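Asker: Provided below are the primary sequence and the corresponding predicted coordinates.
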Amino acid sequence: MVSQLNPAWQRKSAASSRLAEISARFPDATQAATQGKNDVCRAIPFLLDTPEQHWITDELSHILTERGHPCTLCPPGEAHRIEHSSGEVQTGTTSAGNEYCLLAVPCPVTLLKSGIDHVVLLVPASLDGIRTAYQRIKLFSQHGTPEIGIVLVGPRDQHAAWRYFRKLAVATLRYLDVPLLNLGFLPEQIGPGQDAEASHRHNFLARISERLLHSGFYSTLTITRP
């Protein structure tokens, strides 16, 4: 699955180890269902480009729950309370009964301090957005690079999304030796509060949620309530 989502520029060694890791996480459907029932809440951090992007994590949380994966959300206002201690991430959000917790974080420094080993970057589909994302990935690479997934926000269409992702992925692999995972995109006509296009928006977010789940893209750290 990862080889399909993250194409040829991924390092071969990274791709092989990643496939082995995913196989270990999802040996069969029965075990996956059992894991969901355990009292473990897995963190999926999202690095927001702007605070206004919080609607994306909000709706993704609802979609994951609808698809049988109970999910809670750490709002942007609580992101500064993330702490890393003994393999756990502490937030002000309760994890009881939830399989996942989406962490909406507006500042990369917060993630660096937390010790998170996975992060999804919400990247505007523009040259400035790509430059900002590259600088953030460069910062991560200087402090022990986490697994990095990319969601392009606002491209004109799928081809534009692919071009922007490829531009960023080639640069980070060539100059930083950091492979990226393509988790999908949200086209420019999709945004918050547009009831007439709610179904269309839901479909794109559902695809992103499927890629998150099928690729096993979550932090190995667990969520606890302080």
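Answerer: Yes, it's here.

Asker: When you work out contacts or count neighbours from here on, use the C-alpha atoms and nothing else.
Answerer: Fine.

Asker: Need the pLDDT of the residue nearest to C74 when sequence neighbours are not counted.
Answerer: Leaving aside its chain neighbours, C74 sits nearest to L103 (4.9 Å; criterion: Cα to Cα, 6 or more residues apart in numbering). Here the pLDDT value assigned to L103 is 90.

Asker: Please, where are all the helices along the protein?
Answerer: Secondary structure of the chain (DSSP state H): helices located at 2-5, 12-25, 29-37, 54-66, 108-114, 127-141, 158-176, 198-214.

Asker: With distance to P45 added, can I get the ones you listed in CSV?
Answerer: Converted to CSV, these look like this (distance: least, Cα to Cα, whole Å):
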stretch, distance to P45
helix 2-5, 19
helix 12-25, 19
helix 29-37, 19
helix 54-66, 9
helix 108-114, 8
helix 127-141, 14
helix 158-176, 19
helix 198-214, 11
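
Asker: what's the closest of those helices to G191?
Answerer: helix 198-214 (7.5 Å; Cα to Cα).

Asker: any idea of the mean pLDDT in that closest one?
Answerer: Mean predicted lDDT for helix 198-214 stands at 91.

Asker: what is the orientation angle of it with helix 54-66?
Answerer: With axes from the mean of the first three to the mean of the last three Cα atoms, to 10 degrees defining the directions, helix 198-214 sits at 70 degrees from helix 54-66.

Asker: Buried residues of helix 198-214, list them for me.
Answerer: For helix 198-214, the neighbour count (16 or more other Cα atoms under 10 Å) marks 201, 205-206, 208-212 as buried.
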